[in-house]
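Student: Predicted model and sequence below, questions to follow.
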Amino acid sequence: MTDKTMTPDEVVSRLSSGMTIGIGGWGSRRKPMALVRALLRSEITDLTVVSYGGPDVGLLAAAGRIRRLVTAFVTLDSIPLEPHFRAARERGSLELTEIDEAMFMWGLHAAANRLPFLPVRAGIGSDVMRVNPGLRTVTSPYEDGEEFVAVPALRMDAALVHMNRADRLGNGQYLGPDPYFDDLFCEAADAAYVSCEQLVETAELTKDAPPQSLLVSRHSVSGVVETPNGAHFTSCVPDHHRDEAFQKLYATTPWPEFAARFLAGATEHDYQSAVQAWHKEQQ
């Protein structure tokens, strides 16, 4: 058994420019934002990002760190289209591979199972095939002879996910209503890093929650980071809901101004302090 605890900056020290990075969560829900902010404090760039996108994508796109994005959507949930992503896309500053949500999921499954692709019906007869000319189809070798989309594996160099709880060994637990696909992100990547609201002893994970809530297994995790409020401003229920007021500020503030006020600090503590100061100003 190995203690895998790390700091956000130690996680980022294991990443490098040009990597393919998967980011878990969904839209503006349970995103590993503290790890994304640590990534922004580094010089890492030229990334391929794989994500059911939210402000993780918006922040990295606004900062010019994404070369290619693979996604099914980029949304803030209560704000339908992530504005900083939209601005980056309108500038043509990143390459976009946009596929159906189900295709994205099966791409993760293929990578997690070390398969080159998986056949799916999603995409047949739609513009997904037109806007992604690199996609191929396969024909069933059985009597039905049905044609499928051959969704390529979404293999990643590293994955970043956020959990409600984790132990020092790398077991990660979600306590909210949805697991999303964080386990698949971890299993589809060469290395996976789990941030969490709270580190607990292993026995504590199932003291008040069922074993089924243990979403991420230590065998697929390279590092664990305790980051209280580390999903901010996205939701991480039941620990905290989405900070809607701050999300609106993020969505309506020009990127240079937002970055100068909230992302110029050297640590995650600086960010959290800046957010607290802003909320006090609003009272």
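Tutor: Arrived safely, thanks for sending.
Student: which of the residues in the helix or strand harbouring residue 103 are buried?
Tutor: Per DSSP states H and E: residue 103 is located in helix 101-112. By neighbour count on 16 or more other C-beta atoms under 10 Å, the buried set for helix 101-112 is 103, 104, 105, 106, 107, 108, 109, 110, 111, 112. C-beta: built from backbone N, CA, C; applies to glycine.
Student: what pLDDT, on average, does that helix get?
Tutor: Average pLDDT, helix 101-112: 97.
Student: Then stretch 62-69?
Tutor: pLDDT averaged over stretch 62-69 gives 98.
Student: hey, C-alpha coordinates of it in PDB?
Tutor: Extracted C-alpha coordinates of stretch 62-69, given in PDB (Å, rounded to 0.1, in the frame of the first residue of the first chain):
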ATOM      1  CA  ALA A  62      -9.200  31.600 -22.800                       C
ATOM      2  CA  ALA A  63      -5.600  31.200 -21.600                       C
ATOM      3  CA  GLY A  64      -4.600  29.700 -25.000                       C
ATOM      4  CA  ARG A  65      -3.500  26.400 -23.600                       C
ATOM      5  CA  ILE A  66      -5.700  24.100 -25.800                       C
ATOM      6  CA  ARG A  67      -4.500  23.000 -29.300                       C
ATOM      7  CA  ARG A  68      -7.300  20.500 -29.800                       C
ATOM      8  CA  LEU A  69     -10.500  19.900 -27.900                       C
END
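Student: Return the backbone torsion pair for residue 71.
Tutor: phi -160, psi 170 (degrees, to the nearest 10).
Student: Leaving out chain neighbours, which residue sits closest to it?
Tutor: Distance criterion C-beta to C-beta, 6 or more residues apart in numbering; nearest residue to residue 71, sequence neighbours excluded, is residue 53 at 4.5 Å.
Student: Give me the pLDDT for residue 1.
Tutor: 71.
Student: Against residue 167, how distant is it?
Tutor: 10 Å (C-beta to C-beta, to the nearest Å).
Student: Look at those two and report which has more neighbours.
Tutor: Comparing residue 1 with residue 167 by other C-beta atoms under 10 Å, the one with more neighbours is residue 167, at 23 against 9.
Student: dump the residue contacts of the residue nearest to the more buried one when sequence neighbours are not counted.
Tutor: Counting by C-beta to C-beta, 6+ apart, residue 202 is the residue found nearest to residue 167 once chain neighbours are left out, at 4.5 Å. By C-beta atoms under 8 Å, 6 or more residues apart in numbering, residue 202 lies in contact with 167, 169, 171.
Student: what about the last one, how many neighbours?
Tutor: Right, the one you point to is residue 171. 23.
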